[in-house]
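A.B. asks: Attaching a predicted model along with its sequence, questions to come.
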Amino acid sequence: MLLGVLSLAWLWAWAFDFTADILARRGINRILLVTSALHMPRSLALFEAQGLEVIPAATDHEVTPLPGWRKWLPDTGALDGSRRAIKEIVGRLVGR
């Protein structure tokens, strides 16, 4: 799994470099970044590292409609959320 994360991190970094190059050739230095709220911190950092001015527009915010006491019970949805969050953290660390 870690190898998959590393190869995906490399691919994403290449895609950001490629996109920034195209934008620079067209004289575009300000962009509207629309992506999932979970991915926004990493995506924002990568585009800003390319010297772009970024206007973030996060989508797909996750809201839990459970009553307070049920938030503390283990469930598969919470496990999946943890998996996705850890994947994002590893992606940010590897992408530096």
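C.D. replies: Structure's in. What do you need?

A.B. asks: Provide a list of residue ranges in the protein with pLDDT below threshold.
C.D. replies: Counting by pLDDT under 70, the chain contains low-confidence residues at 1-10, 12, 63-64, 66-67, 71, 95-96.

A.B. asks: if you set the cut-off to 80 instead, what comes out?
C.D. replies: 1-17, 61-75, 78, 92, 94-96 (pLDDT under 80).

A.B. asks: All the helices of it, residue numbers only.
C.D. replies: Assigned by DSSP state H, the helices in the chain fall at 2-25, 40-49, 76-94.

A.B. asks: okay, which residue of this protein is out on the far edge from center?
C.D. replies: residue 69 (29.8 Å; Cα atoms, centre = their mean).

A.B. asks: Quick one: residues contacting the residue nearest the centre of the chain.
C.D. replies: Residue closest to the average C-alpha location in the chain (Cα atoms, centre = their mean): residue 39, at 2.1 Å. Residue 39 makes contact with residue 88 under the criterion Cβ atoms under 8 Å, 6 or more residues apart in numbering. C-betas here are computed from N, CA, C, even on glycine.

A.B. asks: That one and residue 87: what is the separation?
C.D. replies: Plainly put, residue 39 is 10 Å away from residue 87 if you go by Cβ to Cβ, to the nearest Å.

A.B. asks: for the helices of the chain, which one ends up most surrounded?
C.D. replies: Among the helices of the chain, helix 40-49 has the highest mean neighbour count (mean count of other Cβ atoms under 10 Å), at a mean of 17.

A.B. asks: which residues touch it?
C.D. replies: Outside helix 40-49, the residues that touch it by Cβ under 8 Å, 6+ apart are 12-13, 16, 20, 31, 33, 35, 54, 56, 58, 88, 91-92, 95.

A.B. asks: rerun that using 7 Å as the cut-off
C.D. replies: Contacts to helix 40-49, defined as Cβ atoms under 7 Å, 6 or more residues apart in numbering, come from residues 13, 16, 31, 33, 35, 54, 56, 58, 88, 91, 92, 95.

A.B. asks: Sweet, I'm off.
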